[in-house]
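Peer 1: have a look at this fold, sequence not included:
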């Protein structure tokens, strides 16, 4: 049994950065992984695979260049799952190699198996028939989350899938129902629609991605509908069942409109069956219908929607319960998450928790910094604390990114502000990219001229946001964008145009 300074549980983004930072500070480090591959959900089932799928879809369908070359532009006429998976696997393979190399280069020991606490400074790690003990002075829990899989939803990893299973679908479906209008649900809905799948998205709220600025959200709704996605907002699912009868053939589906191909409405009420009932027509859990029958979702309003596949993307659960936390005086909440202080310490000060397992904001980028910050604190190194300026990136079609406050928040807080916008169609680079509908929006304090928020929808949004982030971080105001020169032609010019727009509005109001 070896003794370490730091033991990290989980090799996702938070665990990676925590382990590497501790090693850079001269500590002996072990990192424990229960799955067969390093990287956690981010590399293997979530962030990287889904973004690789998006890039493949955008390229192969020609969607990213149609604004310039026309709507008929397409790189590959017949796209298969094999085409899409190939790109994803290449990226995953490279990421895994890099991660393994980083651990080896920094002298980090990797132990494979499922860990749980035996005592305050002792872990037991079990892998197949092997068990070993690991002692450490301090621990960093970075076990992440997994998709919520309610027992009442008839998952079979073929017809009814969660976000982990959607990447394992053997054939590209003709139609798909997506339950959940969060980041994961909307990203996959857009990707599938880009690939020509007829998509219906259901969410109980009246808008998807409710944390977005209202103007950006409305623009996104427009883009989704234009892509052929049928939005069923303000609707709750009463039941989901797999069907035994086959769905319409592709020929029959092609005769219908996008919404008709993916859904069938009836007048019967949701009271016909209890909530989340599998139903008599469903196939035993774990199997697939012999006829490839598809799936039906019954809404509380009585609508019955049918599709070949259903993606359930409502919520995620923390992976903390299997750690035997009671042996160190800790307990996870009802969603498997851990509570921490500003230094990411749990109620047991020598045990830290970072990443998705501590809840909001549950972003890979944020998790990385949380891991680094926790590791520095555990090793006695000063970091200055976690920044409050966190960028958000949504890899839908189109991309969306934001940092700072929204108009709704500023209005509720009584902060005087003005907005300035720049349309991609006004920018030469936007014309060259064929993106005529992108938008960058600045929110500016009317008195101090400080930048309060940046909101972008369009090509390169997740890259472009970091210009605004830098200016906000250093306390710059709107005049920075007016008084500095930007390369021409670039999308960065949007900042300059939006800044002039905001200042002109403020002058007119004065």
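Peer 2: Great, that's in hand. Being a predicted model, the structure only gives us computed values, none of them experimental. Residues are numbered from 1 along each chain as shown.

Peer 1: give me the secondary structure label for residue 126.
Peer 2: Put simply, residue 126 is strand when judged by DSSP: H, G, I helix; E, B strand; the rest coil.

Peer 1: what ranges do the helices span in the stretch 301-450 of the chain?
Peer 2: Using DSSP state H, counting those that start in this stretch, the helices of the stretch 301-450 of the chain run over residues 364-378, 407-413, 428-433.

Peer 1: including mean pLDDT and mean neighbour count, could those go into CSV?
Peer 2: From N, CA and C alone the C-beta is placed, and that goes for glycine too. Below are these laid out as CSV (pLDDT from 0 to 100; neighbours: other Cβ atoms under 10 Å):
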stretch, mean pLDDT, mean neighbour count
helix 364-378, 96, 24
helix 407-413, 97, 14
helix 428-433, 93, 18
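
Peer 1: dump those helices into a markdown table; add distance to residue 213 as well.
Peer 2: Converted to a markdown table, the helices of the stretch 301-450 of the chain look like this (distance: least, Cβ to Cβ, whole Å):
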| stretch | distance to residue 213 |
| --- | --- |
| helix 364-378 | 19 |
| helix 407-413 | 6 |
| helix 428-433 | 20 |
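
Peer 1: run a quick neighbour tally on the nearest residue to residue 331 once chain neighbours are set aside.
Peer 2: Leaving aside its sequence neighbours, residue 331 sits nearest to residue 325 (Cβ to Cβ, 6 or more residues apart in numbering; 5.8 Å). By other Cβ atoms under 10 Å, 20 other residues sit near residue 325.

Peer 1: and residue 448, by the same measure?
Peer 2: 12.

Peer 1: show the contacting residues for it.
Peer 2: residue 477 (Cβ atoms under 8 Å, 6 or more residues apart in numbering).

Peer 1: ok, which stretches of the stretch 1-150 of the chain are strands?
Peer 2: With strands called from DSSP state E, counting those that start in this stretch, the stretch 1-150 of the chain shows them at 2-9, 29-33, 109-112, 114-119, 122-127, 130-141, 145-147.

Peer 1: may I see the buried residues of the third one?
Peer 2: Within strand 109-112, the residues that qualify as buried are 109, 111-112, counting by 16 or more other Cβ atoms under 10 Å.

Peer 1: got the contact list for it?
Peer 2: Residues contacting strand 109-112 (Cβ under 8 Å, 6+ apart): 2, 4, 11, 29-34, 36, 38, 103, 125, 127, 132, 134.

Peer 1: ok, now with 6 Å
Peer 2: With Cβ atoms under 6 Å, 6 or more residues apart in numbering as the test, strand 109-112 has contacts from 30-33, 103, 125, 127.

Peer 1: for my notes, confirm residue 451 occurs in a helix.
Peer 2: No - assessed with three-state DSSP, residue 451 is strand; it does not lie in a helix.

Peer 1: so it touches residue 472, yeah?
Peer 2: Yes - Residue 451 is in contact with residue 472 according to Cβ atoms under 6 Å; the separation is 5.0 Å.

Peer 1: give me the domain ranges for the chain.
Peer 2: Following automatic domain parsing, one finds the domains of the chain at 2-147+316-378, 160-312, 398-509.

Peer 1: now do the shortest one: distance from first to last residue.
Peer 2: Counting by Cα to Cα, to the nearest Å, the length from the leading to the trailing residue of domain 398-509 is 33 Å.

Peer 1: quick one: it to chain centroid distance?
Peer 2: Mean-position distance between domain 398-509 and its chain equals 23 Å (Cα atoms, centre = their mean, to the nearest Å).

Peer 1: then stretch 83-102?
Peer 2: On Cα atoms, centre = their mean, the centre of stretch 83-102 falls 19 Å from the chain's centre.

Peer 1: next, the buried residues of it.
Peer 2: Within stretch 83-102, the residues that qualify as buried are 84-85, 87-88, 91-92, 95-96, 99, counting by 16+ other Cβ under 10 Å.

Peer 1: what is the mean pLDDT for that stretch?
Peer 2: Averaged across stretch 83-102, the pLDDT comes to 87.

Peer 1: stretch 479-490 too?
Peer 2: The model assigns stretch 479-490 a mean pLDDT of 95.

Peer 1: okay, buried residues for that stretch please.
Peer 2: Within stretch 479-490, the residues that qualify as buried are 480-481, 490, counting by 16+ other Cβ under 10 Å.

Peer 1: picking up where we left off before, nearest to residue 238 among the contacts of strand 109-112?
Peer 2: When the contacts of strand 109-112 are compared for distance to residue 238 (Cβ to Cβ), residue 33 wins out at 39.5 Å.

Peer 1: gap between that closest one and residue 42?
Peer 2: 13 Å (Cβ to Cβ, to the nearest Å).

Peer 1: what sits against residue 427?
Peer 2: With contact set as Cβ under 6 Å, 6+ apart, residue 427 has these partners: 493-494.

Peer 1: can you check residue 433 too?
Peer 2: By Cβ under 6 Å, 6+ apart, the contact set of residue 433 is residue 459.

Peer 1: ok, it to residue 458 distance?
Peer 2: 9 Å.

Peer 1: identify the contacts common to these two.
Peer 2: Joint contacts of residue 433 and residue 458 (Cβ under 6 Å, 6+ apart) do not exist.

Peer 1: what's the burial count for the residue lying closest to residue 167 once chain neighbours are set aside?
Peer 2: Excluding its sequence neighbours, the residue lying closest to residue 167 (Cβ to Cβ, 6+ apart) is residue 49, at 5.3 Å. For residue 49, the neighbour count with other Cβ under 10 Å is 25.

Peer 1: tell me the confidence at residue 49?
Peer 2: At residue 49, the model reports a pLDDT of 87.

Peer 1: residue 391 now?
Peer 2: The model reports residue 391 with a pLDDT of 96.

Peer 1: what sits against the closest residue to it other than its chain neighbours?
Peer 2: Once flanking residues are discounted, residue 391 sits nearest to residue 403: 4.5 Å by Cβ to Cβ, 6+ apart. Contacts for residue 403 (Cβ under 6 Å, 6+ apart) come out as 391, 454, 465, 469.
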